[in-house]
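Asks: Next input, structure requested:
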Amino acid sequence: MVHFQNVKKFALSDISLHIPAGERVGLLGGAGSGKTTLLKLACGLLAPECGSVRVLGQNPAAYQKSPVLPVSAYFAGLPLLDKNDSICQGFGLIQKMYNIPKPQFLADYKELSAQLGFGMFEQEAVKTLSLGQRVRAELAAALITRPKLLLLDEPNAGLDENGKSALREILTKRGHQGLTVLIATSDMVGIVKLCTRFVVLEGGKVVFYGSERNLRNRFVPMDVMTVVLGGKLPDLEDLPLKRYRIEGNRLTISYNSNHVTAAEILKRLLAQTEVTEVKIKKPTLEDARIEENLGFEGDFWR
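Replies: Predicted coordinates for the structure are as follows:
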């Protein structure tokens, strides 16, 4: 679906990336890491200084003049709706511009209006709307063409929790129907349940590309083991544990699973004492608040 081969542009340097059709990919990185640049390259708004970008086998710039729009994008600074038009007028122009069949257009507009909740102010001029209202309408405008690839730059900015939830539901449903989505965001918690893969950019390069599980294991690997002891307290001093706490016969251990495994800890415990119960909790990206803990503003990337 989307291929970057040795691409260089602005902050991006030697980016090679393949995003298969139907994936919903979260693009993470600090300010200036190149997230927005990557999205603009994917939709043809920018051309690479070197290397190549292909979307559905073509240079994405070719779609700019196409009567069919397989790629659609949302950028906060590049509105799809004219500020002087009402939402209805703006959508009417989109329908005519891309020759969307009227029955399909009306059905999709009705559904998106209900899902994103902009029907009550659809007759108002876009320039009079609040930020959240404009974002809801603009996101619907990006979806109304039924693209094969949807590019979103910080789509949660300006949305309340209901709006974020509605967007996740829409993108998840359309993803199951084959839509490929690439989302640049600093709101990791807001998209973790939506995305099937994640890209992390740092220093102009891809430092991670993979599943949520692998991202968590690499960057947020702290597990918690709770053990109920049936015998004496064990000696854990030479194990590489982050911390441990003893309350009565209950032992709680926090440990980096990249440094020591649960099996190694249990083996040490069983060699010294009796264990009657064991529970292990793996961290989630929501629990870890990865948008903070990945260190986009601090020492993580050093």
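Asks: how close does residue 33 get to residue 13?
Replies: 11 Å (Cβ to Cβ, to the nearest Å). In this view, the C-beta of every residue, glycine as well, is placed from N, C-alpha and C.
Asks: err, residue 19, not the other one
Replies: From residue 19 across to residue 13, the span is 19 Å (Cβ to Cβ).
Asks: quick one: which of these two has more around it?
Replies: More neighbours surround residue 19 than the other of residue 19 and residue 13, with 22 against 16 (other Cβ atoms under 10 Å).
Asks: In this structure that one contacts residue 25, no?
Replies: Yes - here residue 19 reaches residue 25: they are 5.6 Å apart, a contact under Cβ atoms under 8 Å.
Asks: Next, show the common contact partners of these two.
Replies: Residues within reach of residue 19 and of residue 25 at once, by Cβ atoms under 8 Å, 6 or more residues apart in numbering, are 180, 182, 197.
Asks: quick one: the strands in the stretch 51-200 of the chain?
Replies: 71-74, 149-153, 180-184, 197-202 (DSSP state E, counting those that start in this stretch).
Asks: hang on, the earlier thing: and of the shared contacts of residue 19 and residue 25, the nearest to residue 44?
Replies: residue 182 (13.8 Å; Cβ to Cβ).
Asks: rewinding a little: intersection of neighbour lists for residue 33 and residue 13?
Replies: Joint contacts of residue 33 and residue 13 (Cβ under 8 Å, 6+ apart) are 203-204.
Asks: For the residue nearest to residue 276 when sequence neighbours are not counted, give me phi and psi.
Replies: Counting by Cβ to Cβ, 6 or more residues apart in numbering, residue 276 lies nearest to residue 230, which is 4.4 Å off, once chain neighbours are set aside. Per-residue torsions, residue 230: phi -110, psi 10 (degrees, to the nearest 10).
Asks: Same check on residue 220?
Replies: The phi/psi pair for residue 220 (degrees, to the nearest 10) is phi -130, psi 70.
Asks: Hmm, it is touching residue 283, no?
Replies: Yes - counting by Cβ under 8 Å, residue 220 does reach residue 283; the two are 5.2 Å apart.
Asks: starting at the chain centroid, how far to stretch 41-58?
Replies: From the chain centre to the centre of stretch 41-58 is a distance of 21 Å (Cα atoms, centre = their mean, to the nearest Å).
Asks: buried sites along it?
Replies: 41-46, 48, 51, 53, 55-56 (16 or more other Cβ atoms under 10 Å).
Asks: Which residue ranges of the stretch 201-302 of the chain form strands?
Replies: 205-210, 222-229, 241-247, 250-256, 275-281.
Asks: Please report how far the nearest residue to residue 235 once chain neighbours are set aside lies from residue 240.
Replies: For residue 235, ignoring the flanking residues on the chain, the nearest one in space by Cβ to Cβ, 6+ apart is residue 272 at 6.5 Å. Separation of residue 272 from residue 240 (Cβ to Cβ) stands at 17 Å.
Asks: Could you do residue 232 as well?
Replies: Going from residue 232 to residue 240 by Cβ to Cβ gives 22 Å.
Asks: Show me the helices in the stretch 101-250 of the chain, by range?
Replies: Using DSSP state H, counting those that start in this stretch, the helices of the stretch 101-250 of the chain run over 102-116, 131-143, 161-176, 188-191, 212-219.
Asks: of all these, which lies closest to residue 250?
Replies: Between those, helix 212-219 lies closest to residue 250; by Cβ to Cβ that is 25.7 Å.
Asks: and the residue nearest to residue 224 when sequence neighbours are not counted, how many neighbours?
Replies: In this structure, residue 224 finds its nearest non-sequential neighbour in residue 281, 4.6 Å apart by Cβ to Cβ, 6+ apart. Applying other Cβ under 10 Å, we find 13 residues neighbouring residue 281.
Asks: so how far is residue 220 from residue 281?
Replies: With Cβ to Cβ as the criterion, residue 281 and residue 220 are 13 Å apart.
Asks: Thanks a lot, see you next time.
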